[in-house]
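**Student:** below are the sequence and a predicted model for it; my questions follow.
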Amino acid sequence: MRLTVEPARTEELDLVLNLLEDASRWLLAKGVEQWHAGQWKREKIAAAMERGWSDELFWPAAAADARYVHRVAVASDAHGRGLGRALLDWAGREIARRGRSPLRLDCACDNPGLRRYHEELGFRHRGDRPMGRYCASLYERALQ
């Protein structure tokens, strides 16, 4: 698969929000409560877009050379084409190109399907981090 990835620009914020809302509805329809429609706030997503590859909230004592991927979502009409894997592989190559490692991400502790998916893609479970009512399963993949 040939994939071209470009970071979303602030003027594309509505597109990003729509994609996240679509993904939230799709997850809920499948009985997965990781994300909820309406949870995405413009200001928070805009700030996350500006912040880039960091995650002090879920990985507070992590090494500075790691990079993080958040809110990976594929449009519901594009599921099953390997885009999620391709996006995570791209992120890994981009991070390695910048001389960084590992690639880290998280998902809900109570989402066994997504946890299994990450493990199938070579991510190692590094622990769980309870955050109030939410619990994040932390994963990382070393990069060459």
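**Tutor:** All right, it came through fine. Numbers count the residues shown, from 1 in each chain.
**Student:** please count neighbours and contacts with C-alpha atoms only from this point.
**Tutor:** Noted.
**Student:** can you pull out the strands in this protein?
**Tutor:** If DSSP state E is used as the criterion, the strands of the chain fall at 67-68, 103-108, 124-131, 134-141.
**Student:** and those strands, which is most packed in?
**Tutor:** Ranked by mean neighbour count, the strands of the chain are led by strand 103-108 with a mean of 23 (mean count of other Cα atoms under 10 Å).
**Student:** hmm, who's touching that one?
**Tutor:** For strand 103-108, the surrounding residues in contact (Cα atoms under 8 Å, 6 or more residues apart in numbering) are 34, 66-70, 91-92, 95, 114-115, 134-143.
**Student:** check which residues of the longest helix anywhere in the chain are buried.
**Tutor:** Criterion DSSP state H: the longest helix present in the chain is helix 13-29. Neighbour-count burial for helix 13-29 flags 13, 16-17, 19-27 (criterion: 16 or more other Cα atoms under 10 Å).
**Student:** try stretch 110-122
**Tutor:** Buried residues in stretch 110-122, counted by 16+ other Cα under 10 Å: 114-115, 118.
**Student:** can you redo the residues you listed as JSON lines with distance to Arg85 and pLDDT?
**Tutor:** What follows is those, written out as JSON lines (distance: Cα to Cα, whole Å; pLDDT from 0 to 100):
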{"residue": "Leu114", "distance to Arg85": "12", "pLDDT": "93"}
{"residue": "Arg115", "distance to Arg85": "14", "pLDDT": "96"}
{"residue": "His118", "distance to Arg85": "9", "pLDDT": "97"}
